[in-house]
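Colleague: Pasting the sequence and the predicted model now:
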Amino acid sequence: MSEQTTDCRTDGYGDWRLECYEELTSTSDICLERSRKGEAPGLALLALRQTKGRGSRGRNWANAGQSLAFSVLLDAGQAGQDALGGWPFVASLAFFEGLATSVPAARERLMIKWPNDILLDGQKLGGILIEREGPMLVIGMGANLQQPPQEAQIGRTAASLGQCGPVPPPADVAKAILAQLAHWCTVWRQDGFAVLCAEWRKRAHPVGTPLVVSGGTTYEKGQFAGLAADGRLLLETEQGMKTIATGDILLAEQGADVASRH
């Protein structure tokens, strides 16, 4: 592993062990590597630059510079037997609130897109990649802080947190997200998955939002109708209600692919 440590160095932050680096290949890949070598849950890695950032479904993640590239190593079952299904909601709530806390003027312009993308004014600001290996879970988060990637890099327009005001250093944004991650894990453990979903819906695209679900041979167009009890997306289509477990979600009225690309 080639890495350059920043001035942040290893920082015991509450129950988290935050390490900041000038450059890493992929924060999620390094978390997985260290997990295989016996690293305990609670590790958080931040890179000011990633050379091999990656996204969901094998996509590359475009780094515009001065971005957030951040991953956390967790115990996949720490919140209960049904834990894995709830992690996208815990992660997106923590991500949303961490960004909103860092730049308060952004709060009313931020929105979660199912299950765990963050939009600003309807454009992609950040994404999450969740991976499980045995009992361990890695949550990777990427966000445009100061500027978005160029449209030519990703084939669409994107947003950055800096459009809403001054942005703290990436390490401070990471700490804000970690604090929120601890909070939402506690909410899930104490109050249950239904409460978690209710909080998620308050910050997500409203019921009635036109959506397109694309994946493999699947192409479904309809309106967001809420969440099933297990967190799957409900899509009201001309053929009736569809329950969506996975897929790329597009905001139909924008005609833009806003799938996760962390």
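Modeller: That came through, no problem.
Colleague: for the record, mean pLDDT for stretch 235-250?
Modeller: For stretch 235-250, mean pLDDT is 90.
Colleague: Surely Ala225 is in contact with Lys242?
Modeller: No - applying C-beta atoms under 8 Å as the test, Ala225 and Lys242 come out as separate, 9.0 Å apart. The C-beta positions use only the backbone N, C-alpha and C, and glycine is treated the same way.
Colleague: Mutual contacts of those two, please.
Modeller: 234-236 (C-beta atoms under 8 Å, 6 or more residues apart in numbering).
Colleague: What's the separation between Ile30 and Glu22?
Modeller: Ile30 sits at a distance of 14 Å from Glu22 (criterion: C-beta to C-beta, to the nearest Å).
Colleague: neighbour-wise, which of these two wins?
Modeller: Set Ile30 next to Glu22 and count neighbours by other C-beta atoms under 10 Å: Ile30 wins out with 23 against 13.
Colleague: quick one: contacts of the strand or helix carrying the more buried one?
Modeller: Assigned by DSSP states H and E, Ile30 belongs to helix 27-36. Helix 27-36 has contacts (C-beta under 8 Å, 6+ apart) with 1, 3, 24, 39, 43, 45-47, 50, 52, 54, 69-73, 129, 131, 133, 136, 138, 140, 262.
Colleague: Looking at the residues you listed, which are in strands?
Modeller: Among those, the members found in strands (DSSP state E) are 43, 45-47, 69-73, 129, 131, 133, 136, 138, 140.
Colleague: Please list only the buried members of the residues you listed.
Modeller: 43, 45-47, 69-73, 129, 136, 138, 140 (16 or more other C-beta atoms under 10 Å).
Colleague: wait, which of those residues is closest to Lys175?
Modeller: Here the nearest of these to Lys175, counting by C-beta to C-beta, is Leu46; it sits at 9.3 Å.
Colleague: how close does that closest one sit to Leu18?
Modeller: Distance, Leu46 to Leu18, by C-beta to C-beta: 7 Å.
Colleague: and what of Asp248?
Modeller: In terms of C-beta to C-beta, Asp248 sits 31 Å off from Leu18.
Colleague: So between the two, which is more surrounded?
Modeller: Each of Asp248 and Leu18 has its neighbours counted (other C-beta under 10 Å); Leu18 has more, 22 against 16.
Colleague: For the more buried one, pull up the helix or strand it's in.
Modeller: Short version, using DSSP H and E: Leu18 is in strand 16-23.
Colleague: What residues sit buried inside that strand?
Modeller: Here strand 16-23 shows 16-21 as buried, counting by 16+ other C-beta under 10 Å.
Colleague: can you give me the end-to-end distance of stretch 222-239?
Modeller: Terminal residues of stretch 222-239 lie 9 Å apart, using C-alpha to C-alpha, to the nearest Å.
Colleague: hmm, who's touching stretch 165-172?
Modeller: Defining contact as C-beta under 8 Å, 6+ apart, one finds that stretch 165-172 is touched by 6, 8, 11, 18, 20, 46, 48, 66-68, 70, 102-106, 145-146, 161, 173, 176.
Colleague: which regions of the chain sit below the pLDDT cut-off?
Modeller: 1-14, 54-65, 78-84, 149-156, 216-217, 252-262 (pLDDT under 70).
Colleague: In it, mark out all the strands, start to finish.
Modeller: Counting by DSSP E, the strands of the chain are 4-13, 16-23, 43-47, 67-75, 110-113, 117-120, 123-133, 136-144, 210-215, 218-227, 233-237, 240-244, 248-251, 256-257.
Colleague: list the helices and strands the fifth one packs on?
Modeller: Based on contacts counted as 3 or more C-beta pairs under 8 Å, 6 or more residues apart in numbering; DSSP states H and E, the elements that strand 110-113 packs against are helix 83-102, strand 117-120, helix 193-203.
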